[in-house]
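J.: With the input below, show me the fold.
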Amino acid sequence: LKQVYTSGQPLIGRGVPVAVQREQGRPIERRYIDFVYQPITGSDGSVTGIFLQGQDVTDQKRTEEQLRLALQGGRIAAWNRDLTTNHVSWSDNSWDVLGIGDGPASDFMDRIHPEDRAHQREALARMLSDGTPYGIEVRFIKPDGSLIWIEHRAELRRGSDGLDSLTGITADITARKTAEIEVRESEARYRKDLEAAASVQRGLLPADGVTGNLRHQGLLEPSTFIGGDAFNVIRRSDGQLSFFHIDVCGHGAAAALVSVAAYRLISEAAMRDVSLRPEELVQQAAQAWPADLPFFTMVYGQVDPVSGQGSLVQAGHPHPLLVRHGGDIEPLGHGGLPIGIDMGPSYEAVPFELARGDALLLYSDGIVEAENKAGEIFSEERLHALVRQHCDSLSASLLSSIAHQVRHWSRSKRLDDDVSALLLEHIG
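T.: Predicted coordinates:
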């Protein structure tokens, strides 16, 4: 006050800390005030009094401090650009975040990566044209030469005086972008590995072909790149054909690895000892299957490729369908336990005979259990109806029709389960 009286000049304070005790006995608080000491002068110019005005700005001060800490912690710099002068004012932490401070807009624009400048110019032009705020992610070269990724957000402020400005924030998002790039590269490598694995898995499956009077054809559409279904047709040294269709519990890469193990176990057993009857081979497979691996369901059988006489064993798999030339369908098998559920189950073989024009269809539960949007399954009944529609030309169109109808039923780009089938048809 003495200074104002003596000098006759006003005194202005902004955010000045003061200690306040609101009532006697209460704790002293730290508050922040804006104040003005305005001298009142007489006719002779001497100070006759002082006008005092003060405002408590504690909440504003604390909000500003919280914002400062948020900007600093999040590596975010706030800015304002005067469109009349193109001068940009930055928050105090801009040097730490970007390595630049207040100055012409070109200081910032020139440090955007050359390949990203057109993107920034287009976003700015659109905003100046229609007033729509923008947010872009571009590369930024700091004065020390280091490259960072930034997210640059801006909005247009229309001034009542006709002077427009831009305001916004610029955040260093290098850590996030680096992580995103690493994830994309990792996903690309994983996808490449899965594609290679899918190629290997398909390479294990038998090519469509004819042996004697029997024609065999397979279908495999995994729910992902690779799946847990597999099948094989093996010409044995005694002239018989062994065939099997397996479905491992689960989906994806893990199920595919188990599927390969199961495929090898059954294929090698079928070729190693041709004297084994189907029920004996399945029994031995159940005993040999490691207890720490997931279980799998299977149909395994043997057939004479000339006469069409054979037998098969069902181990928890959907019932194979014996399709007669006239369209009659006979489900085969007695159910049985999946491989890996019990170390000592017993299995019973079921005989069958394929006459000219007859066929045997082995399929996975991914076909009959496929659900539509309403949760209704495709069902065995629909599969039987579809088979009857193709009974005159089974191998030519049945399997492709099954794949198409299941996808149409589920109305999804991705199957929920692997879809596979093996068809043996007597054409002699």
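
J.: Which parts of the longest helix belonging to the chain count as buried, going by neighbours?
T.: Longest among the helix segments of the chain by residue count, using DSSP state H, is helix 174-204. For helix 174-204, a neighbour-count test (16 or more other CB atoms under 10 Å) marks 174, 177, 194, 197, 198, 201 as buried. Glycine gets a C-beta too; all of them are placed from N, C-alpha and C.

J.: which of these lies closest to residue 208?
T.: Lowest distance from residue 208 to the buried residues of helix 174-204 (CB to CB) belongs to residue 201, with 16.7 Å.

J.: quick one, what contacts the closest one?
T.: Taking CB atoms under 8 Å, 6 or more residues apart in numbering, we find residue 201 in contact with 226, 230, 256, 259, 260.

J.: That one and residue 418, how far apart?
T.: 11 Å (CB to CB, to the nearest Å).

J.: ok, back up a step: and the contacts of residue 201, which two are furthest apart?
T.: Across the contacts of residue 201 (CB to CB), the longest gap, 10.3 Å, separates 226 and 230.

J.: more neighbours, the two?
T.: Taking other CB atoms under 10 Å, residue 226 and residue 230 do not tie; residue 230 has more neighbours (31 against 28).

J.: Dump stretch 91-100 to PDB, restricted to CA.
T.: Output of stretch 91-100 as PDB, limited to C-alpha atoms (Å, rounded to 0.1, in the frame of the first residue of the first chain):
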ATOM      1  CA  SER A  91       2.700 -24.800 -23.200                       C
ATOM      2  CA  ASP A  92       5.800 -24.700 -21.100                       C
ATOM      3  CA  ASN A  93       6.600 -28.500 -21.600                       C
ATOM      4  CA  SER A  94       6.800 -28.200 -25.400                       C
ATOM      5  CA  TRP A  95      10.600 -28.200 -25.300                       C
ATOM      6  CA  ASP A  96      10.600 -31.500 -23.500                       C
ATOM      7  CA  VAL A  97       8.000 -33.100 -25.600                       C
ATOM      8  CA  LEU A  98       8.900 -31.800 -29.100                       C
ATOM      9  CA  GLY A  99      12.000 -29.800 -28.700                       C
ATOM     10  CA  ILE A 100      10.400 -26.500 -30.000                       C
END
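
J.: Checking residue 150 next. Helix, strand or coil?
T.: Three-state assignment for residue 150 (DSSP: H, G, I helix; E, B strand; the rest coil): strand.

J.: Report the beta-bridge partners for it.
T.: residue 138, residue 172 (DSSP bridges).

J.: okay, now it: neighbour count?
T.: A count of nearby residues for residue 150, using other CB under 10 Å, gives 26.

J.: quick one: the residue nearest to residue 277 when sequence neighbours are not counted from residue 153, how far?
T.: Among residues not flanking residue 277 along the chain, residue 349 sits closest, at 6.4 Å (CB to CB, 6 or more residues apart in numbering). For residue 349, the distance to residue 153 equals 72 Å [CB to CB].

J.: Among the two, which residue is more densely surrounded?
T.: Neighbour count, other CB under 10 Å: between residue 349 and residue 153, residue 349 has more, with 21 against 15.

J.: coming back round to it: any chance of the buried residues of helix 174-204 in a markdown table, with pLDDT and distance to residue 217 too?
T.: As requested, those are exported to a markdown table (pLDDT from 0 to 100; distance: CB to CB, whole Å):
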| residue | pLDDT | distance to residue 217 |
| --- | --- | --- |
| 174 | 93 | 54 |
| 177 | 92 | 49 |
| 194 | 72 | 25 |
| 197 | 72 | 24 |
| 198 | 73 | 20 |
| 201 | 76 | 18 |
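
J.: Dump the residues you listed into JSON lines; add distance to residue 371 as well.
T.: Formatted as JSON lines, these follow (distance: CB to CB, whole Å):
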{"residue": "174", "distance to residue 371": "44"}
{"residue": "177", "distance to residue 371": "39"}
{"residue": "194", "distance to residue 371": "25"}
{"residue": "197", "distance to residue 371": "27"}
{"residue": "198", "distance to residue 371": "24"}
{"residue": "201", "distance to residue 371": "25"}
